[in-house]
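# okay, predicted coordinates and the sequence, questions at the end:
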Amino acid sequence: MPARPYREPSQVEPDPAPQQSEAARLGSLRSVHAPPPLRRALLGPILIAALIVAIGASGGASLAILVALAAATLAILAWEPLRNRGWSAALHAQGLVLLRSGTRRIVTFDDVNEVWYEIRPIHNQAGAYLGALRLVEYSGEEHRLPLAVNDGATLAISVLRGCSGPLFLEARRALGEGEVLSFGQIQLDRAGITVGDARMMWSEIRLAVVSHARVRLYRRFPILAWRAIRLDRIPNPAVFIDLVALCAAKTRVDDPLIVPLTSGDEKLRVQAAKGDNEWALREMLVGGLFCIAGITFTVATYSASSNSYILACWPILFGAFRFFKGVASLLRGPRL
């Protein structure tokens with residue numbers, strides 16, 4: 001009988017993986033982004049509300065109605081600045097440090113699985129304003145990045161490139177290998193695209209247009225779109241736009257606020273950013289015309305009859321809002 005050892009050798013535990021420091025995970029600090037001071041952010045809404053009261057009072061409108069209308073306008077326009085107060089983001093080479101109300105969160109780009117757009121609709125040629133990004137990690141944790149901050153365009157572009165850039169490279173490789181990629185209810189492969197229950201081959205799609213925060217796919221005659229895909233209803237819309245630009249015969253960007261950022265297609269980016277200042281000036285012009293037309297109509301009806309008049313509050317309010325958005329865009333500089 002073979003001799004039995006007097007003791008069993010101790011089992012050696014593997015060394016735990018070394019924990020990376022925060023500095024190693026995030027990389028070097030690039031910039032810090034925060035909303036403007038609350039008093040400055042509320043200046044525009046307060047002036048618009050005061051303008052409504054002043055115009056209405058000069059026409060003899062009921063003070064109670066004017067105060068209610070001004071209060072509603074102020075609440076709508078001031079909601080976003082109040083929502084973002086106390087928030088800031090430190091942009092690093094490989095991630096973000098988010099601060100809000102004493103809470104500190106670290107988000108590395110490699111941990112982000114999905115990027116979602118929050119879009120503010122504006123009825124004009126451009127059609128949309130990218131108000132925030134939502135980042136969803138593989139663990140399911142979600143983070144919201146408001147873009148109404150100092151140099152918000154740099155923050156958005158850096159985050160999209162850091163998160164969506166690697167995803168685009170993976171998606172492009174998978175597409176070349178014949179895999180089917182899913183963006184919510186949309187399936188895309190190198191042969192065609194499936195939207196809901198309908199499928200179209202890329203060879204049948206003559207034109208893809210990015211406008212009003214949608215991707216419109218046109219067949220032979222670019223009059224009525226075969227499908228219009230809302231970018232705020234699909235994950236990783238920047239990757240989706242780039243893949244459509246890669247597969248479609250021709251892609252046109254009419255929306256300077258929602259642009260492809262990850263594929264390195266400089267032509268598309270230049271085309272998208274070309275109308276930036278033109279959009280702001282057009283907003284100011286249209287808003288000013290609506291506001292002046294409303295005031296003129298109110299004054300005209302008051303002059304025609306001393307007993308009654310019509311207060312054109314909605315054209316005045318609509319025009320003042322668009323004029324304010326145009327001015328804010330020019331002051332803010334280049335946008336998405």
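It's in.

# for stretch 183-198, buried residues please.
183, 186, 188-190, 193-195 (16 or more other CB atoms under 10 Å). C-betas here are computed from N, CA, C, even on glycine.

# and for stretch 245-255?
By 16+ other CB under 10 Å, the buried positions in stretch 245-255 come out as 245-248, 251-255.

# which strands or helices does the helix or strand hosting Glu114 pack on?
Per DSSP states H and E: Glu114 is located in strand 112-121. On a contact count with 3 or more CB pairs under 8 Å, 6 or more residues apart in numbering; DSSP states H and E, strand 112-121 meets strand 128-137, helix 152-176, helix 237-247.

# tabulate the ones you listed (a markdown table), appending distance to Asn113 and mean pLDDT.
Conversion of the helices and strands packed on strand 112-121 to a markdown table gives the following (distance: least, CB to CB, whole Å; pLDDT from 0 to 100):
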| stretch | distance to Asn113 | mean pLDDT |
| --- | --- | --- |
| strand 128-137 | 6 | 84 |
| helix 152-176 | 8 | 87 |
| helix 237-247 | 12 | 89 |
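
# any stretches of the protein with poor pLDDT?
For the chain, residues meeting the criterion pLDDT under 70 lie at 1-20, 59, 121-129, 221-222, 255-280, 302-309, 328-336.

# in it, which spans are helices?
Assigned by DSSP state H, the helices in the chain fall at 22-26, 38-41, 43-58, 63-83, 152-176, 237-247, 266-273, 276-304, 313-332.

# distance of the residue positioned nearest the centre of the chain from Arg105?
When CA atoms, centre = their mean is applied to the chain, the residue found nearest the centroid is Leu130 (2.2 Å). Using CB to CB, to the nearest Å, one obtains 22 Å as the distance from Leu130 to Arg105.

# go on, Arg190?
Taking CB to CB, one finds Arg190 at 38 Å from Arg105.

# again, but for Gly140
Distance, Gly140 to Arg105, by CB to CB: 14 Å.

# who's more crowded, those two?
More crowded of Gly140 and Arg105, by other CB atoms under 10 Å: Arg105, with 12 against 7.

# tell me what the more buried one is bridged to.
Per DSSP bridges, the residues bridged to Arg105 are Leu98.

# surely Leu133 meets Glu114?
No: applying CB atoms under 8 Å as the test, Leu133 and Glu114 come out as separate, 10.6 Å apart.

# what about the two, which has more around it?
Just comparing Leu133 and Glu114: by other CB under 10 Å the higher neighbour count belongs to Leu133, 23 against 19.

# phi and psi next, for Ala213.
Backbone geometry at Ala213, expressed as degrees, to the nearest 10, gives phi 60, psi 30.

# test my guess that it contacts Glu118.
No: with contact defined as CB under 8 Å, Ala213 does not reach Glu118; the gap is 10.4 Å.

# OK, contacts around the closest residue to Leu47 other than its chain neighbours?
Excluding the flanking residues, the one nearest Leu47 by CB to CB, 6 or more residues apart in numbering is Phe324, at 8.0 Å. Counting by CB atoms under 8 Å, 6 or more residues apart in numbering, Phe324 touches 44, 47-48, 77, 287.

# how much space separates Phe324 from Val299?
According to CB to CB, Phe324 stands 22 Å off from Val299.

# ok, now which ones touch Ile310?
Counting by CB under 8 Å, 6+ apart, Ile310 touches 297-298, 301.

# for these, pick the one with the most neighbours.
Thr298 (23 neighbours).

# run a quick neighbour tally on Phe290.
Residues near Phe290, counting by other CB under 10 Å, number 21.

# so it makes contact with Gly319?
Yes: counting by CB under 8 Å, Phe290 touches Gly319, with 3.0 Å between them.

# now, among the contacts of Ile310, which is nearest to Arg83?
Arg83 has its nearest neighbour among the contacts of Ile310 in Thr298, at 33.3 Å by CB to CB.

# distance of the closest one relative to Ala72?
As judged by CB to CB, Thr298 and Ala72 stand 19 Å apart.

# and which of the contacts of Phe324 is nearest to Ala238?
Taking CB to CB as the measure, Ala238 lies nearest Leu77 of the contacts of Phe324, at 28.5 Å.

# pretty sure the closest one contacts Phe321?
Yes: between Leu77 and Phe321 there is a contact under CB under 8 Å: 7.5 Å.

# follow-up on the earlier one: distance to Glu204 added to the buried residues of stretch 245-255, as a markdown table?
As requested, the buried residues of stretch 245-255 are exported to a markdown table (distance: CB to CB, whole Å):
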| residue | distance to Glu204 |
| --- | --- |
| Ala245 | 17 |
| Leu246 | 17 |
| Cys247 | 12 |
| Ala248 | 10 |
| Thr251 | 15 |
| Arg252 | 17 |
| Val253 | 21 |
| Asp254 | 22 |
| Asp255 | 24 |
